[in-house]
Each structure stands twice: as C-alpha cells, then as structure tokens.
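Peer 1: Structure of the sequence below:
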Amino acid sequence: MSGEERQGVWRAWLLGVGLISCIAVVNVLTIRHDAPRLGTLAPAIWEVSSALVTMVIFLIPAAVAIWTTRTTPRWWRAVPVHLVAVVIYSVLHVAGFVALRKLAYLAVMDGPYRFGPLSTEFPYEFRKDLLAYGLASIIYYLSLRRSAREAAAQAQTATAAASFDIRDGARLVRVPVSEIVAVRSAGNYAEFLLADGRRPLMRSSLSALETDLAGHGFVRTHRSWLVNPTRVTGLRPEGSGDYAVELGGVEAPLSRRFPQALAALRG
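Peer 2: Below is the predicted model of the structure:
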C-alpha cells in the first residue's frame, strides 16, 4: 500500500473500532435491561467476542475498497467481488465469535455455549453482517478518497514551488515543475512538453525521470508518457479501457495497463 492508502485504512479502521465498541456496550446494557436474569457476564461474552472478530475481519472491506479506488471497476465487476467478500466476512465472523464464546464459556461459565441451528442462526447473523460490511465499505472508500485528495493537494503545493533542471545538450534549462505539462520518450532521449510551447530534449530514460518526478505527482500513463496531473483538463475514453489525457493543447495516451494512473487522474 502507498502512504496515503495506509493513512486512509488506518483512519477508517480506528473509526470502525470506535463504532464497534460503542455498539457492543449499548447491546450489553440493552440485554441487561430487557433480560436481567441473564446478568452481565453472558451478554458481555457475546458482544466482546463479536466485536473482537469484527475488528479483525474489517480488513476484508478495506482490501476491497483499496481495489475499488485503484481500478474504479464497472458495477458488473464490483458487485460479484462485494458478494464474495461479504459471504467470507460473515462466515469468518460467525465462526470466529462461536469459537471465542465456546472457549469463554468453558473458562468462566457453568455450561457450554450453544449457538443454535445453523439454518436459522446464520441467516440472522448474515443480515447484520451485510449491513456492517456495507457500512465498513463506505467508510473505507470515503477515507481512501480523502487521503488521495490530501496527497494530491500536498503534491500540487510542492510541485508549484519546485524547479527541475533539464540538461538539453550542453545547455541547462531550469523550469518550474508546474510548467512541465508532460514528458514523452523519444528514443534515447526524453522530450519535455512545457506550458510555454518549448520542447527541450534530455538524454535520459523515461524510467529514470519517472523516479525523479514521482515526488512531484507525475504519473506514468503509458510506457512512453509521464503526465503532470495538475495540467490535466479532461479524460476521453478511447475504447477497450484506454483513454486520451487532455492537457490543454496536448494529448497523451492512457493505457489500460496503467489502472493506478487512471485512478490518480480521476481522484
């Protein structure tokens, strides 16, 4: 994961832990009020076991949210992934809290824990897990999008204040990074497309320049192109998953082989 993805996942997970903890406390108090004969220990075991397992399996919607923000899939690709993920989420949740409750009952309760008939209890739990998974997916998605926007804003600020040295033969051309619209491969050289119309050449591979310019937010959209996201004025579908990146009077190709570039430019 990138730094902004880790930040987004961590922020969403902490929010989820807070919500899960609050729900567990409320449920214990509600059960104690509605069924005082049960006492506090049994409801606490039920809710704490469910909460602990949920805190772990929250990584499942996190993984799907990262995939969604990176690839921006069509709905017919996203729906089957979510369906499989929520079934796995629910199975792990039920199996996990049943195992923890059985262990807890053996340790501190008088009798064994009985989950009940799987044919009725699992559908009941699945309905709740479906809601929890959906809420977690939304939280992770929004948090990841926020992290991406924050990272883009920071990169734009850093880019606006930075300069880059282009060694055009024996001549040194120093330009603000914000004035570099794009860079494209030209044999053994790289051609810089500047905002003022100049096209200086520098003897360098595009891969080396990608490393130098990545810190300024530039993204690889094609094996022969680097693009400055702050200069993008539009994206035009070209069919088969490819796009044309509009950069004012310049157009750069965006290959479907670079899905992270598409996610970055859309974000």
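Peer 1: So what touches stretch 109-128?
Peer 2: With contacts defined as CB atoms under 8 Å, 6 or more residues apart in numbering, stretch 109-128 is touched by L41, A42, I45, S90, H93, V94, V98, R101, K102, A104, Y105, L106. In short, each C-beta sits where N, CA and C put it, glycine included.
Peer 1: Dump that stretch to PDB, keeping only the CA atoms.
Peer 2: Coordinates of each C-alpha in stretch 109-128 appear next as PDB, following Å, rounded to 0.1, in the frame of the first residue of the first chain:
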ATOM      1  CA  MET A 109     -19.500 -20.200  32.800                       C
ATOM      2  CA  ASP A 110     -21.200 -23.200  34.300                       C
ATOM      3  CA  GLY A 111     -22.300 -24.800  31.000                       C
ATOM      4  CA  PRO A 112     -21.200 -24.900  27.300                       C
ATOM      5  CA  TYR A 113     -22.200 -22.300  24.700                       C
ATOM      6  CA  ARG A 114     -24.800 -23.300  22.200                       C
ATOM      7  CA  PHE A 115     -25.100 -21.300  19.000                       C
ATOM      8  CA  GLY A 116     -28.400 -22.900  17.800                       C
ATOM      9  CA  PRO A 117     -29.500 -24.300  14.500                       C
ATOM     10  CA  LEU A 118     -27.200 -23.100  11.700                       C
ATOM     11  CA  SER A 119     -30.100 -23.000   9.300                       C
ATOM     12  CA  THR A 120     -31.800 -20.200  11.200                       C
ATOM     13  CA  GLU A 121     -29.000 -18.500  13.100                       C
ATOM     14  CA  PHE A 122     -26.600 -18.000  10.200                       C
ATOM     15  CA  PRO A 123     -29.200 -16.100   8.000                       C
ATOM     16  CA  TYR A 124     -30.000 -13.900  11.000                       C
ATOM     17  CA  GLU A 125     -26.300 -13.100  11.500                       C
ATOM     18  CA  PHE A 126     -25.700 -12.700   7.800                       C
ATOM     19  CA  ARG A 127     -28.300  -9.900   7.600                       C
ATOM     20  CA  LYS A 128     -26.500  -8.000  10.300                       C
END
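Peer 1: pLDDT of that stretch, averaged?
Peer 2: Averaged over stretch 109-128, pLDDT sits at 92.
Peer 1: For G134, state which of the contacts of stretch 109-128 is nearest.
Peer 2: Closest approach to G134 among the contacts of stretch 109-128 (CB to CB): S90, at 12.0 Å.
Peer 1: still on that earlier bit, tabulate the contacts of stretch 109-128 (CSV), appending secondary structure.
Peer 2: Output for the contacts of stretch 109-128, formatted as CSV (DSSP: H, G, I helix; E, B strand; the rest coil):
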residue, secondary structure
L41, helix
A42, helix
I45, helix
S90, helix
H93, helix
V94, helix
V98, helix
R101, helix
K102, helix
A104, helix
Y105, helix
L106, helix
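Peer 1: May I ask you to name the longest helix in the protein?
Peer 2: If you go by DSSP state H, the chain has its longest helix at helix 118-161.
Peer 1: Now the element after it, going C-ward?
Peer 2: strand 163-168 (DSSP states H and E).
Peer 1: next one: that following strand to chain centre, how far?
Peer 2: Strand 163-168 sits 34 Å away from the centroid of its parent chain (CA atoms, centre = their mean, to the nearest Å).
Peer 1: elements contacting it?
Peer 2: With contacts taken as 3 or more CB pairs under 8 Å, 6 or more residues apart in numbering; DSSP states H and E, strand 163-168 sits against strand 171-176, strand 201-202.
Peer 1: could I get the ones you listed as TSV with mean pLDDT?
Peer 2: Formatted as TSV, the helices and strands packed on strand 163-168 follow (pLDDT from 0 to 100):
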stretch	mean pLDDT
strand 171-176	91
strand 201-202	94
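Peer 1: Let's have the ones you listed in a markdown table, adding distance to R145.
Peer 2: Formatted as a markdown table, the helices and strands packed on strand 163-168 follow (distance: least, CB to CB, whole Å):
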| stretch | distance to R145 |
| --- | --- |
| strand 171-176 | 28 |
| strand 201-202 | 35 |
